[in-house]
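Asker: can you look at this prediction? I've put the sequence above it.
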2 protein chains.
Amino acid sequence: MSNTGNRKGTLKRLAAELELSVTTVSRALGGYTDVADATRQRVLDAATRNAYVPNAAGRMLVTGRSGFIGLLLPLRDRARLDPFLGEYIAGLSEALAERGRDLFMATVASRQSELDVLRHVVESGRADGIVLNRIGECDERVDYLVSRGFPFVTHGRTLEAQDRYSWVDTDGATAFADTFRWLYQLGHRRFGLLSITENMTFRRHREEGFRRAVAEQDDPQVSVVATHVPRFDVAARQQAVHTMLADTARPTAILALTDELALCALELASGLGIQVPDQLSVVGFDNIPESAFSTPGLTTFDQCTREAARQLATLLLDSLDSLDSPDGQSGTTHTLITPALVKRGSHAPAPGAPHTVHGTVPANRATTTTRGSYS
Amino acid sequence: MSNTGNRKGTLKRLAAELELSVTTVSRALGGYTDVADATRQRVLDAATRNAYVPNAAGRMLVTGRSGFIGLLLPLRDRARLDPFLGEYIAGLSEALAERGRDLFMATVASRQSELDVLRHVVESGRADGIVLNRIGECDERVDYLVSRGFPFVTHGRTLEAQDRYSWVDTDGATAFADTFRWLYQLGHRRFGLLSITENMTFRRHREEGFRRAVAEQDDPQVSVVATHVPRFDVAARQQAVHTMLADTARPTAILALTDELALCALELASGLGIQVPDQLSVVGFDNIPESAFSTPGLTTFDQCTREAARQLATLLLDSLDSLDSPDGQSGTTHTLITPALVKRGSHAPAPGAPHTVHGTVPANRATTTTRGSYS
DNA sequence: GGATGTATCCGAAACGTTTCGGGTCACAGT
DNA sequence: ACTGTGACCCGAAACGTTTCGGATACATCC
């Protein structure tokens, strides 16, 4: 007997058992000072004996906080899964768990709109904060959350008005600029840029970083052929990459916006009898697991997804805390992660180029800018 | 003006605006019949105009359901992430979203006990049901949920008393038995079994399937060397695999319980100058992304993680629905998925063996057993 | 004209928690 | 004896929803 059989442990039950008021039991458990030590001990004992856990709904209703952080998860129908989802979620929930919150997935089914789901989550009070990713150049989700004044952070950023909110992003511009310079130093002059059609901001940054470096070099010998392929259409992707490779004046160095594109180039090159890296260098971006196992191994940039996720979580939690604290001053924080280049076997000096000094490699560093808004 | 500025849309506000009672508004939105069509229309209009979304806590408190399904997610400290987490979560939340529920991660930080976290989730009422994975031969989490009578499903199963709950599992026993027979027909006689130390039930099933097939063959020429390596210790793993490969009478065929082990074998074999598949066949299990890119490509079994996850979700939702329905009869359902063999380049007839007929390959099929409990 | 039915609406309770504003009591100070 | 002063405790309201059991008004039926 004793505790078992006591379905549903509520404060009321506990209070009845102890012949105390609900108030006192609540305050004893809450650590308030106006309850006698002896009483508190009795309450604590009874609570552990009955394995009491406060009801989430009751607490939520009165405190207005759910203890949840929502991650908006669009399921583009049946397409290949974001290769980072696992790492991402692990990083987020790890950091959240350390500070007593949990993550939930606000799943967006194929026929729903992301904005609708987001609105529901926010208005229903199921989340204390939101993590957004796959940010477009203009993003209505961001606009909504900003205008609604709801706490959130993003992985990636919009093209403009980035100081309205806190974000963590990868510095693709610098990475691509550095890569161009490095490959240029290796003697490459004919470049291919494998990009995507999707209107994500990271595309813009990476392309612009590359083009800026090209412009800076100001070498008339440098030629660039760029192609944009839909991210989730395998046939179209292969077609586009094939076109680039089959050209007689094909590039000697290809920069791909994602590893998927780079791996596709590797595969097609091998099919066309093009030697990588002797005749063609390929550099990717993301460092997905497969890229360590391709032949040759893919030289690429590591995204540090898990670390980025941890930073996102911390950022969001900090801003929630500062909302609670009496001085509700909350600025926005922006973190740019410079991804680390992972050198594997898919790059080499340009064919026929003299063996020059190896170029300098972008180092791994992170920049954080915090700016308060005192409006 | 109009709607904006109306912070927090509650039923009370809506009722005031419409000069109706809270009850009527609630019933109008709830689709009850005892409200006039004209009134319902007015209510519906006002609700959309104000973008009304019911407060989750309020509803939760009175209905006792949270709309959430919990996934217990242990974060073994910093170890390599479960390669399937992403697919897994995608499959689950996809199927859940179709039926109006969402997934949340009950994260188990490194210092917490899984059981404690589970208890908190259950007793706090934050989840309507639970998904458990990484099931051990005896699993205290399963025991707790069963005795508590809380709805849950598992991916994998305990060794005994499996009919106490619903599960989805991969038929590793059949897969390993079939694989042995197949490799035997290919002429292999010296086998290596790369297993794990962890006490997961799938280990037992796969090993026993293999050993049963060996026993059935009853060929004195067949020899088996087995080794158990810790799953998350890279050095120990390499050491163990190296020992197996460095032996002069080393196996000609290695069956690995996971792709990670198989890939390790592939890598070390190449380092030792052992030709795969001519001198050594390696078969893995899981079909992780990397295994398509190894050299040679790894022959392995596909887990169909996403599909398994979908089945898990459906199973759980069905059982929740049947709890709600008047006839609360709820049985348990058990689904065994026979994984599909993915033939790539890491297998071949035994060295020196005559080129025999290729053995039959296990086909992909699924068996579902439903058994009601009418006690 | 009274009884019965029907269509429409509402008051109030309940879910479990937190918290504000007291209340009681004993004891010390004057 | 009266007033303060802590120490300790509690009643009641509030959060937003659902739902049970009426209540009202009006038409219909015998």
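Answerer: Perfect, thanks for sending it.
Asker: show me what contacts the residue nearest the centre of chain A?
Answerer: The centre of chain A sits closest to residue A:155, judged by CA atoms, centre = their mean, with a distance of 4.3 Å. Counting by CB atoms under 8 Å, 6 or more residues apart in numbering or on different chains, residue A:155 touches A:88, A:131-133, A:135, A:167-169, A:308-309, A:312. Any C-beta I mention is one placed from the backbone N, CA and C, and that applies to glycine too.
Asker: how far away is the closest residue to DNA strand C within the stretch 201-350 of chain A from residue A:103?
Answerer: Nearest residue of the stretch 201-350 of chain A to DNA strand C (CB to the nearest atom of the strand) works out as residue A:324 at 10.7 Å. Relative to residue A:103, residue A:324 is positioned 20 Å away (CB to CB, to the nearest Å).
Asker: mind checking pLDDT for residue A:370?
Answerer: Looking at residue A:370, its pLDDT stands at 47.
Asker: just residue A:79 next, same as before
Answerer: Looking at residue A:79, the pLDDT reads 53.
Asker: what does residue A:44 give?
Answerer: Model confidence at residue A:44, given as pLDDT, is 97.
Asker: next: residue A:276.
Answerer: Here, the pLDDT recorded for residue A:276 equals 89.
Asker: can you classify it as helix, strand or coil?
Answerer: When classified by DSSP: H, G, I helix; E, B strand; the rest coil, residue A:276 comes out as coil.
Asker: in contact with it, which residues?
Answerer: Contacts of residue A:276 (CB under 8 Å, 6+ apart): A:266, A:269-270, A:282, A:296, A:345-346.
Asker: between residue A:324 and residue A:103, who's got more neighbours?
Answerer: Between residue A:324 and residue A:103, counted using other CB atoms under 10 Å in any protein chain shown, residue A:103 has the larger neighbour count: 27 against 8.
Asker: buried set for the longest helix along chain A?
Answerer: With secondary structure taken from DSSP state H, chain A has its longest helix at helix A:305-324. The neighbour-count check on helix A:305-324 (16 or more other CB atoms under 10 Å in any protein chain shown) flags A:305-317, A:319-320 as buried.
Asker: intersect the residues you listed with the contacts of chain B.
Answerer: When contact is defined as CB under 8 Å from any CB of the partner chain, the buried residues of helix A:305-324 meet chain B at residue A:306.
Asker: from the buried residues of helix A:305-324, pick the one nearest chain B.
Answerer: Ranked by distance to chain B (CB to the nearest CB), those are led by residue A:306 at 7.9 Å.
Asker: can you verify my assumption that that closest one contacts residue A:93?
Answerer: No. Counting by CB atoms under 8 Å, residue A:306 stays clear of residue A:93, with 11.0 Å between them.
Asker: one step back: which of the contacts of residue A:276 fall in strands?
Answerer: Here DSSP state E is the test, and the contacts of residue A:276 give residue A:282 as lying in strands.
Asker: and the contacts of residue A:276, which are buried?
Answerer: A:266, A:269, A:282, A:296, A:346.
Asker: any idea how far residue A:150 lies from residue A:92?
Answerer: Taking CB to CB, one finds residue A:150 at 18 Å from residue A:92.
Asker: of those two, which one has the most company?
Answerer: residue A:92 (26 against 16).
Asker: just to check, residue A:87 is in contact with residue A:309?
Answerer: Yes. With contact defined as CB under 8 Å, residue A:87 reaches residue A:309; the gap is 7.0 Å.
Asker: output the contacting helices and strands for the strand or helix carrying residue A:118.
Answerer: If you go by DSSP states H and E, residue A:118 is part of helix A:114-124. Under the contact criterion of 3 or more CB pairs under 8 Å, 6 or more residues apart in numbering or on different chains; DSSP states H and E, helix A:114-124 touches strand A:68-74, strand A:102-108, strand A:129-132, helix A:140-148.
Asker: where exactly do the strands run in chain A?
Answerer: Taking DSSP E as the test, the strands found in chain A are A:68-74, A:102-108, A:129-132, A:152-155, A:166-170, A:190-196, A:223-229, A:253-256, A:281-283, A:300-302, A:332-337, A:340-342, A:366-371.
Asker: and the ones you listed: which comes nearest residue B:199?
Answerer: strand A:102-108 (27.4 Å; CB to CB).
Asker: chain center to the closest one, what's the gap?
Answerer: Distance of strand A:102-108 from the chain centroid (CA atoms, centre = their mean, to the nearest Å) equals 14 Å.
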